[in-house]
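> Build me a model from this:
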Amino acid sequence: MAKGGKLILMRHGESLWNKLNIFTGWVDVPLSEKGIEEASNGGEKIKEIPIDVIFTSTLVRAHMTLFIAMLKHSSAKVPVVQHPEGERQGEWGNIFSEESKETTIPVFMSWHLNERMYGELQGKNKAEMAEKFGKDQVQIWRRSFDVSPPKGESLKMTSERTLPYFEEKIVPYLKEGKNVFISAHGNSLRAIVMKLDELSPDEVVKLEIPTGQPLVYRYDSDKWTKEEI
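So this is what the prediction gives:
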């Protein structure tokens, strides 16, 4: 049986709306200059870890983070986005050189790894919402496990779409001994870390995942061990 692989988790660097203290959710905004620097620094920390496959959300801030980070990778391999079969890009984007394929890393995108959807808070300033609804109410929307903002998702709801995808699409690579890099978001990654670290709902809402800071886990026989980098 193949020895388990390594899992690298990285929250995207600071986005322009992170900088402006605005609820972002599924709004597709890019990184700030600081976020670009964070992604580059994160890439430096993982550049010597071999990477076989990459997973990311459908949002550009996660894409920017993974591509900037991979520019630092010692393998110099090229991340190549995999598009669904049946779409023109999927049909026409084939690589017909085995030699070229060996120099690439497949990148799979899925909305299951997207940030928590913040509903009617999206696009609104966090401080202004605290003034309008009260700091306690906004804190409940932001940090409770099973309370969702108006017409949005709770962390529980986010985990209910993220974890099945993680188990079905990502863990099989780790079982084969492959190393996997996930570039995603604070809440989708919080859901994954909740499983890996066996956190309770009360514990996971206190978990902070810094922007641009990679977390590394070793998978072995359904056990997860966090590693220092």
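> Which elements pack onto the lengthiest helix in the chain?
Ranked by residue count under DSSP state H, the longest helix found in the chain is helix 33-46. Judged by 3 or more C-beta pairs under 8 Å, 6 or more residues apart in numbering; DSSP states H and E, the packing partners of helix 33-46 are strand 6-11, helix 16-19, helix 60-70. Where C-beta positions appear, they are placed from N, C-alpha and C, glycine not excepted.
> quick one, which of those is nearest to residue 115?
Smallest distance to residue 115 across the helices and strands packed on helix 33-46 (C-beta to C-beta): 8.5 Å, for helix 60-70.
> Taking strand 6-11 as reference, get the angle to the closest one.
Inter-element angle recorded for helix 60-70 and strand 6-11: 130 degrees (by axes from the mean of the first three to the mean of the last three C-alpha atoms, to 10 degrees).
> Sheet-wise, list the partners of the next helix or strand after helix 60-70 with their directions.
Heading C-terminal from helix 60-70, the first helix or strand you meet, by DSSP states H and E, is strand 78-81. Partners of strand 78-81 in the sheet, by DSSP bridges, are strand 104-109 (parallel).
> Return the distance of the following helix or strand past the partner strand from the chain's centre.
Following strand 104-109 in sequence order, the next helix or strand is helix 126-133 (DSSP H and E). Here helix 126-133 is found 27 Å from its chain centre; the criterion is C-alpha atoms, centre = their mean, to the nearest Å.
> any chance of the helices and strands packed on helix 33-46 in CSV, plus distance to residue 124, mean pLDDT and mean neighbour count?
As requested, the helices and strands packed on helix 33-46 are exported to CSV (distance: least, C-beta to C-beta, whole Å; pLDDT from 0 to 100; neighbours: other C-beta atoms under 10 Å):
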stretch, distance to residue 124, mean pLDDT, mean neighbour count
strand 6-11, 22, 98, 24
helix 16-19, 10, 97, 17
helix 60-70, 18, 98, 24
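> thinking residue 201 is in contact with residue 154, fair?
No: using C-beta atoms under 8 Å as the test, residue 201 is too far from residue 154 to be in contact (10.3 Å).
> and the helices and strands packed on helix 33-46 as TSV, adding distance to residue 225?
Listed next are the helices and strands packed on helix 33-46 as TSV, based on distance: least, C-beta to C-beta, whole Å:
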stretch	distance to residue 225
strand 6-11	10
helix 16-19	30
helix 60-70	23
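> With respect to residue 219, which of these lies nearest?
For residue 219, the closest of these is strand 6-11, at 6.1 Å, according to C-beta to C-beta.
> what's the angle from that closest one to helix 33-46?
Strand 6-11 and helix 33-46 are oriented at 170 degrees to each other (the same axes, to 10 degrees).
> who does strand 6-11 touch, helix- and strand-wise?
For strand 6-11, the packing partners by 3+ C-beta pairs under 8 Å, 6+ apart are helix 33-46, helix 60-70, strand 180-184, helix 186-196, strand 215-220.
> that older thread, which one of residue 201 and residue 154 has more residues nearby?
More neighbours surround residue 154 than the other of residue 201 and residue 154, with 18 against 13 (other C-beta atoms under 10 Å).
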